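*Asks:* below is the sequence, then the predicted model.
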Amino acid sequence: MDELVAMEPRELPVTLVCAGNRRKEQNMIRQTIGFNWGPSGVSTNVWKGVMLRDLLLKAGVSEKNMSGKHVEFIGVEDLPNKVGPGPFPDEQWGKLVKYGTSVPLARAMNPAYDILIAYEANGEVLQPDHGYPVRLIIPGYIGGRMIKWLAEINIIEHETKNHYHYHDNRILPPHITAEESLSGGWWYKPEYIFNELNINSAISQPDHNE
């Protein structure tokens, strides 16, 4: 941690949005899987940390031959397996699995994307429920990809096979019901992954004493 803090820091204002934001409205049309969110699963902080690109370069990662490679991020917490083993022989599964995701190495190494390994928010050390000691911040991505309590960063030859990378945060065709989604391999089809935020808006007002 001391080595990380000693590197050149960056501060970025980034808005985090839950992928399930406004699911309550979707559920009024047809029941989905997940929390019954309203429109307010949103927050904006000024995050401080080290650029992922700088960290990878310091670790000796090359910018040559990046095609097909991914950067995998794994959190420290153990979470329940949702559906059992998937189609990948090397997919971690069991009663408990780690929460993880990945991004293409070319994106991670592109300074225009500002991917950050953060250790502060709004001038203060990260609180435990926000990912202490370090978390991943990917501007423009859904909140579900911004791994908290970050434990591992790996360079791999393919998109991660992490259980939660596949069994969360997908937008399936409208004719597929929640029950039907559990069969037919829908969660593993790459065209239905949900990474980048879409344009959205909501009108709200503060409650008393807010």
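*Replies:* Sure, I can see it.
*Asks:* count the residues that sit near residue 133.
*Replies:* 15 (other Cβ atoms under 10 Å). Any C-beta I mention is one placed from the backbone N, CA and C, and that applies to glycine too.
*Asks:* can you tell me the closest non-neighbouring residue to residue 176?
*Replies:* residue 186 (6.0 Å; Cβ to Cβ, 6 or more residues apart in numbering).
*Asks:* could you check the pLDDT of residue 171?
*Replies:* Note on residue 171: pLDDT of 82.
*Asks:* ok, it touching residue 189?
*Replies:* No. The criterion here is Cβ atoms under 8 Å, and residue 171 misses it with residue 189 at 10.8 Å.
*Asks:* can you give me the end-to-end distance of stretch 146-162?
*Replies:* From its first residue to its last, stretch 146-162 covers 14 Å (Cα to Cα, to the nearest Å).
*Asks:* could I get the buried residue list for it?
*Replies:* 146-150, 153, 155, 159-162 (16 or more other Cβ atoms under 10 Å).
*Asks:* next, the most centrally placed residue in the chain: phi, psi?
*Replies:* For the chain, the residue nearest the mean C-alpha position is residue 145 (0.5 Å; Cα atoms, centre = their mean). With angles defined as degrees, to the nearest 10, residue 145 sits at phi -100, psi -10.
*Asks:* count of neighbours near residue 123?
*Replies:* 9.
*Asks:* if I read this right, it contacts residue 9, doesn't it?
*Replies:* No. Using Cβ under 8 Å as the test, residue 123 is too far from residue 9 to be in contact (11.9 Å).
*Asks:* list residues touching both of the two?
*Replies:* By Cβ atoms under 8 Å, 6 or more residues apart in numbering, residue 123 and residue 9 have these common neighbours: residue 48.
*Asks:* pull the CA atoms of the strand or helix carrying residue 11 into CSV?
*Replies:* Secondary structure from DSSP states H and E places residue 11 in strand 10-17. Only the C-alpha atoms of strand 10-17 are listed here, as CSV (Å, rounded to 0.1, in the frame of the first residue of the first chain):
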residue,chain,number,x,y,z
ARG,A,10,-4.7,11.4,-9.9
GLU,A,11,-8.1,12.8,-8.8
LEU,A,12,-11.2,12.3,-11.0
PRO,A,13,-14.9,13.2,-10.4
VAL,A,14,-16.7,10.0,-11.4
THR,A,15,-20.4,9.2,-11.1
LEU,A,16,-21.3,5.6,-10.2
VAL,A,17,-24.6,4.2,-11.3
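*Asks:* buried stuff in the next helix-or-strand element following it?
*Replies:* If you walk from strand 10-17 toward the C-terminus, the next helix or strand you reach (DSSP H and E) is helix 23-29. For helix 23-29, the neighbour count (16+ other Cβ under 10 Å) marks residue 23 as buried.
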